[in-house]
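Q: make a model of this:
(one chain, ligands or ions: 1)
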Amino acid sequence: MPLALRPEFAGQEPYGAPQLDVPVVLNTNENPYPPADEVVAEIASRVADAAAGLNRYPDREALELRGELAGYLARESGVRLPASQIWAANGSNEVMAQILQAYAGPGRTVLTFTPSYSMYPEYARNVYSTFVGIERREDFSIDCAALADQFAQHRPAVVLIASPNNPTGTAVEPGDLQRILEASRGVGPQLTNGAEGAGGADRADAIVVVDEAYGEFRREGVPSALELLDEYPNLIVTRTMSKAFGAAGLRLGYMAASQEIIDSVRIVRLPYHLSAVSQAAALAALAHRDSLMEQVEQIRQERDKLASTLTGMGLDVAPSDANFIMFGTFADRHKVWQRLLDQGILIREVGPEGWLRVSIGQPHENEAFVAGLKEAMR
Ligand SMILES: *Cc1c(COP(=O)(O)O)cnc(C)c1O
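A: Coordinates of the predicted model:
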């Protein structure tokens, strides 16, 4: 007998960036530096302490960790928030899933500006929501003039904006973000006393999620959306320890938002979703935030250097505020990607037709990439 898989998932493939064992891996925007010895030692010791109490469930509210994340954000962005306005989960992927569970769902729409993160349509699908992608302009900026009409047409419950964006690397203009937040007022699902869509004409503000997975890599003078939290109770800023923190393997993402939003996410989270081991390891890594942030500075410098090298090679380079660069354009990008792989260099074939994306590696890896690319373009 066939099994009755939900129609949304029929014929779908699981997420799969290639995990190939090659000398130069520059395809998933990880931090190229493994944790320093003292960070490894501290993680091991805190996890050992946590292990001694594993017969008990972990702190369901992860309050100590949320306090430390709040302290980190204050230092990184200058925006000080109480622990109660921070929420943590297993990667910002899980944070996003929880947000959509609470605010999207069947009959509701999730909207984003494409090209953007390839997971967004899948998050929307997983909660049985409609997904709408509005195309960005040629320079990957958002066309704000059209926003009012688009929001009136699609009535998004949730608007997702990656900034710095993946795969383009571009950050949303601060003025544009404010225009989006203004336009999001009163355009969401209908508010009624009973069932959605029956009677009352008032509409909720759309939830606006700014995904700052690459926030720490933004260039000097580019603000974080955290600065707007006070003004917009429908704004959520998500962050992760996967990129700048060099802890993709840890699976620790978090968000900052109004108390009301945090409380609604607490309703849908699975009890004890964040293991005692994860919480202990994240606290250990956060204790070394200073040395980790120096590394971020190095990666930013390498990024700017690689961007000018690629420009000097006559390529188009999208201005990057992230730890990767999208460049092109190639008549046959797959051929270039394959020729790099043949030389043991793995990058990513994503973005608009003709573009490729490379993560910033250690200096010797970036040099190998440039040499490999010259060879591939011959
Ligand atoms: C890498 C990435 C994330 C991080 O996801 P985690 O689950 O925290 O590892 C989130 N958003 C974007 C746009 C990304 O590229």
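Q: in this structure Glu8 contacts Arg125, no?
A: Yes. Using Cβ atoms under 8 Å, Glu8 is in contact with Arg125, at 5.3 Å. Where C-beta positions appear, they are placed from N, C-alpha and C, glycine not excepted.
Q: give me every residue that touches the residue in the stretch 1-150 of the chain positioned nearest to the ligand.
A: Taking Cβ to the nearest ligand atom as the measure, the stretch 1-150 of the chain has Gly91 as its residue closest to the ligand, at 2.6 Å. Counting by Cβ atoms under 8 Å, 6 or more residues apart in numbering, Gly91 makes contact with 240, 242, 251-253.
Q: go again using 10 Å as the cut-off
A: Contacts were defined as Cβ atoms under 10 Å, 6 or more residues apart in numbering; by that measure Gly91 touches 97, 213, 240-242, 248, 250-254, 278.
Q: comparing Glu8 and Arg125, which shows the higher neighbour count?
A: A direct count of neighbours by other Cβ atoms under 10 Å for Glu8 and Arg125 places Arg125 higher, at 16 against 12.
Q: thinking again about what came up before, pLDDT score assigned to the residue of the stretch 1-150 of the chain closest to the ligand?
A: You'll see Gly91 listed with a pLDDT of 98.
Q: residues of the stretch 151-300 of the chain that sit close to the ligand?
A: Where proximity means Cβ under 6 Å from any ligand atom, the interface of the stretch 151-300 of the chain facing the ligand comprises 162, 166, 211, 213, 240, 242-243, 248, 253.
Q: at 8 Å what do you get?
A: With the criterion set to Cβ under 8 Å from any ligand atom, the stretch 151-300 of the chain comes near the ligand through 162, 165-166, 211, 213-214, 238, 240-243, 248, 251-253.
Q: let me see the mean pLDDT of the longest helix seen in the chain.
A: When every helix of the chain is counted residue by residue (DSSP state H), the longest turns out to be helix 289-312. With pLDDT averaged residue by residue, helix 289-312 scores 94.
Q: where do the strands sit along the stretch 151-300 of the chain?
A: In the stretch 151-300 of the chain, strands defined by DSSP state E, counting those that start in this stretch lie at 156-162, 207-211, 235-240, 253-257, listed in chain order.
Q: give me the nearest residue to the residue most central in space within the chain, chain neighbours excluded.
A: For the chain, the residue whose C-alpha lies nearest the mean C-alpha position (Cα atoms, centre = their mean) is Ala213; its distance is 3.7 Å. Nearest residue to Ala213 in three dimensions, chain neighbours excluded: Thr240, at 4.9 Å (Cβ to Cβ, 6 or more residues apart in numbering).
Q: what pairs with that neighbour across the strands?
A: With beta bridges defined as DSSP bridges, Thr240 has these partners: Gly253.
Q: give me the distance between the host helix or strand of Arg339 and the centre of its chain.
A: When secondary structure is defined using DSSP states H and E, the element that contains Arg339 is helix 333-342. Its chain's C-alpha centre lies 26 Å from the corresponding centre of helix 333-342 when counted by Cα atoms, centre = their mean, to the nearest Å.
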